[in-house]
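Asker: From the sequence below, what's the structure:
(one chain, ligands or ions: 1)
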Amino acid sequence: MALTSGQLLDQVKRSIEEVTADQVKRGLQAGEIKHVVDVRERDEVMDGYIPGAHLIPRGFLELNIEEDVTMERDVPIVLYCAGGNRSALAARDLIAMGYTSVTSMIGGIKGWKDAGFSIEQDGLLSDDDLQRYSRHIILPEVGEQGQKKLLGGKVLLVGAGGLGCPTALYLAAAGVGTIGLVDADVVDRSNLQRQILFSEDMIGKPKVEAARERLLQLNPGITVNTHFELLTSVNAMQMLDGYDIIVNGCDNFPTRYLVNDAAVLSGKPVVDGSIFRFEGQATVYDSADGGPCYRCLYPEPPPPGEVPSCAEGGVLGILPGTIGMVQATEVVKLLVGMGTPLVGRMMLYDALDMKFRELKLRRNPDCPVCGDAPTVTELIDYEQFCGLPGHSEAAG
Ligand SMILES: [Zn+2]
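Answerer: Predicted structure coming up:
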């Protein structure tokens, strides 16, 4: 017997159970409904969906329901679509798979919105982003949700120099949605040996501006905030406020202590790197996660002049790339929430021997800033603390 689509729908709707948006809302609030499944196509879901809904297009429903939603056949599942027809057909198919408590929501998402209930938006990546980040998305550890976390990530790079440049370049490529750059220098010809964001035509330009231009060429979908100034005790807390993670690419002691103290006081992780000649090191200071901070290791700065800078000691141009890559990797891991962060561990790298080593770092209960009885409870004058006249430069 031939059926029109209208006749088929009538028949199917008589054979399944339908619920109203109001019933679904109450069921969700009471915890009686555990699973709501949106069976519309990706482009429809972009405009908004019921908060917490599983998003499985109709064509994949039978294939993905067990893995994405539940194997259990008697758990209540509500299906919905745009207006209530596709979800009715979908309900019939889940019942055929043995699901015993499947319902279809009358009126679909339109009925839900008409009832005045809230919807969730930006749940999915755009087609452009799906393409751009496809190699991330197919990694089960990242996936679309992980990529969304990267896009929602806010990372402040202190110093747009040897370390900041490669770190920023990879973070931009990875789709870290907001990158802040703080640096008060202009591009110099001697930077081009290693500061890979810059080119000959950018000499004389503020590094943060030149960097922003290059990062947006690579990925116009991100936001790059520029702070053409020194990080100081006056602006640090406010500056850190807008970011989740701090990347330290500054090798002078006042900035190192300032970044550390400001990060501990605001409970944010610092992904730290440093470089000298052919050797580099990297770690993640995260006192909020129980890890040590910089001051746990070095409560006091060395006497001025005892440790030469890269300008005095030189640096292999590739070295900050290697360490910056470690920093970028740690940032991405922290944002996505995957792997084991470099907290409580210092990675040491020797380029001449091509060797990586690792040191264990421990939190110091007597640490003046993150210890059990901290004596540093606000930012201090770090130039004076380090016995230096004030000027902060990016590493390398
Ligand atoms: Zn500490």
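Asker: check contacts around Glu200.
Answerer: Glu200 is in contact with Arg189, Leu192, counting by Cβ atoms under 8 Å, 6 or more residues apart in numbering. No exception for glycine: its C-beta is placed from N, CA and C like everyone else's.
Asker: hmm, try it at 7 Å
Answerer: Leu192 (Cβ atoms under 7 Å, 6 or more residues apart in numbering).
Asker: helix/strand/coil for Gly280?
Answerer: Following DSSP: H, G, I helix; E, B strand; the rest coil, Gly280 is assigned to strand.
Asker: what separates it from Gly387, distance-wise?
Answerer: 26 Å (Cβ to Cβ, to the nearest Å).
Asker: Compare the two (neighbour count), which wins?
Answerer: Remark: of Gly280 and Gly387, Gly280 carries more neighbours, 27 against 13, as counted by other Cβ atoms under 10 Å.
Asker: That one and Leu319 touch, don't they?
Answerer: Yes: with contacts counted by Cβ atoms under 7 Å, Gly280 reaches Leu319, the gap being 5.4 Å.
Asker: Any idea how far apart the tips of stretch 190-208 sit?
Answerer: This stretch, stretch 190-208, spans 17 Å end to end (Cα to Cα, to the nearest Å).
Asker: and what of stretch 239-251?
Answerer: 19 Å.
Asker: Just the C-alpha atoms of stretch 362-373, please, in PDB.
Answerer: C-alpha atoms of stretch 362-373 as PDB (Å, rounded to 0.1, in the frame of the first residue of the first chain):
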ATOM      1  CA  ARG A 362      58.600  20.700  45.000                       C
ATOM      2  CA  ARG A 363      56.400  23.300  46.500                       C
ATOM      3  CA  ASN A 364      58.100  25.000  49.400                       C
ATOM      4  CA  PRO A 365      55.800  25.400  52.500                       C
ATOM      5  CA  ASP A 366      58.000  28.300  53.500                       C
ATOM      6  CA  CYS A 367      57.600  30.100  50.100                       C
ATOM      7  CA  PRO A 368      57.100  33.800  50.700                       C
ATOM      8  CA  VAL A 369      54.200  33.900  48.200                       C
ATOM      9  CA  CYS A 370      52.500  30.500  47.800                       C
ATOM     10  CA  GLY A 371      53.700  29.000  51.200                       C
ATOM     11  CA  ASP A 372      51.600  28.200  54.300                       C
ATOM     12  CA  ALA A 373      52.200  31.700  55.800                       C
END
